[in-house]
Structure formats: C-alpha cells, structure tokens
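**Q** Curious how this folds, go ahead:
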Amino acid sequence: MNEYEKEIEELINDYDLLRVLKHFTVAHVDYAKNITRYTEIPQMRVREYLKRLKDMGLLDYYTNTSIKRTEAKLKKSAEVHKHHTYFQINKKAEAVLKEITPKLYARYLKPEDLAMLCSRKERKGNPGACDKIFRMGLIDKCYDLTDLGREVFDTARKMQILHCDDRN
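**A** Sure, this is the predicted structure:
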C-alpha cells in the first residue's frame with residue numbers, strides 16, 4: 001500500500017502522538033515542555049511521544065547550539081541558547097502527515113467502528129466498543145464526535161461505506 005504504512009497506522013491509532021507530530025508543522029523546532037503548553041498533553045507523555053517519533057524516524061534532534069526564531073516559529077525572542085533537547089520535523093514526517101486524511105481513516109476503520117460514528121446513544125450505551133475510536137481522536141470523553149470524527153463520518157458517507165439514518 002504505502003512505504004510509510006507502519007508509521008501511518010501507529011499515528012492513526014494514537015491521536016495524541018499525531019497531535020505532537022502535527023505541532024511540529026507549526027513550530028518546526030521545539031522541546032517537550034513547550035509542546036505541553038501548546039497541546040495540553042502531560043509532559044511525561046510528550047517525552048515518550050518524542051522518543052517514539054524519533055525512533056520511527058519522523059523527528060530528528062536539532063543540533064545547533066542556538067535557536068533562532070526563523071527556525072523555531074513559536075520562540076518569543078529572536079535568538080536563544082539551547083537549554084533543552086530540541087527536536088525538528090523531517091521530510092519523512094511531512095510525507096507521512098500528507099497521507100493521513102479523513103479518507104484514510106474511513107478506509108482504515110472496521111465496519112463496526114464506523115457504525116459507532118452514527119449514534120451517540122449507541123456509543124454511550126456501549127463504551128467498551130468505543131475505545132478504539134476514542135484513542136483515534138474521533139470521539140471525546142462525552143461520546144460526541146470531534147471535528148476529526150465529523151470529517152471521517154462525512155467522508156465515509158460520501159464514499160458510501162457508512163450508511164446510517166442520522167448523526168447524533
């Protein structure tokens with residue numbers, strides 16, 4: 001299917017991991033504590049995600065001794081010396097992120113997972129069946145569809161792989 005299939009599958013199945021990687025499309029260069037500020041993911045988890053993304057080959061260490069705002073877009077000062085371990089996004093990560101679309105989510109989900117997108121009442125009545133779509137970022141803690149969940153829902157209906165009477 002795709003040369004990045006393993007990486008894509010891992011990112012699709014863990015929305016927080018995907019959020020950390022997407023953060024780098026804005027920041028370009030950043031460190032764990034700052035990512036926590038922007039994503040509101042606990043710092044310990046951000047550190048784990050950075051290590052996983054580095055091991056997957058989607059992030060590189062930033063090796064310069066100083067950081068300029070032209071490189072680290074979220075920096076407030078023009079230039080600072082490094083006091084943290086900085087990471088930067090690479091070309092492989094950019095290619096992987098381009099592949100991850102609502103259409104890909106819709107193709108990746110099993111019919112029973114797609115069916116859970118149809119009804120909030122069904123999701124609330126069967127929370128165990130919602131674990132996967134929750135981790136994927138398609139529903140929130142209240143069993144409501146997230147923005148991504150709505151996009152995947154609409155895309156699946158357009159692709160005619162999801163049939164339900166109404167959306168709750």
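**Q** where along the chain do the strands fall?
**A** Taking DSSP state E, the strands of the chain run over residues 29-30, 59-61, 66-68, 79-81, 87-89.
**Q** And the pLDDT at Gly128?
**A** pLDDT, Gly128: 88.
**Q** Asp14 versus that one, what's the distance?
**A** Here Gly128 is placed at a distance of 19 Å from Asp14 (CB to CB, to the nearest Å). In this view, the C-beta of every residue, glycine as well, is placed from N, C-alpha and C.
**Q** wouldn't Cys164 be in contact with Arg120 here?
**A** No: counting by CB atoms under 8 Å, Cys164 stays clear of Arg120, with 11.7 Å between them.
**Q** Looking at Gly128 and Asp14, which is more packed in?
**A** Per other CB atoms under 10 Å, whichever of Gly128 and Asp14 has more neighbours is Asp14, with 16 against 5.
**Q** got a list of what the more buried one touches?
**A** Going by CB atoms under 8 Å, 6 or more residues apart in numbering, Asp14 touches 135-136.
**Q** next one: the one 10 residues further on
**A** By CB under 8 Å, 6+ apart, the residues touching Phe24 are 30, 59, 87-89, 93.
**Q** which residue sits closest to the residue nearest the centre of the chain, ignoring its sequence neighbours?
**A** By CA atoms, centre = their mean, the chain has its centre lying nearest to Leu18, at 2.1 Å. Spatially, and ignoring its direct neighbours in sequence, Leu18 is nearest to Leu11 (4.6 Å; CB to CB, 6 or more residues apart in numbering).
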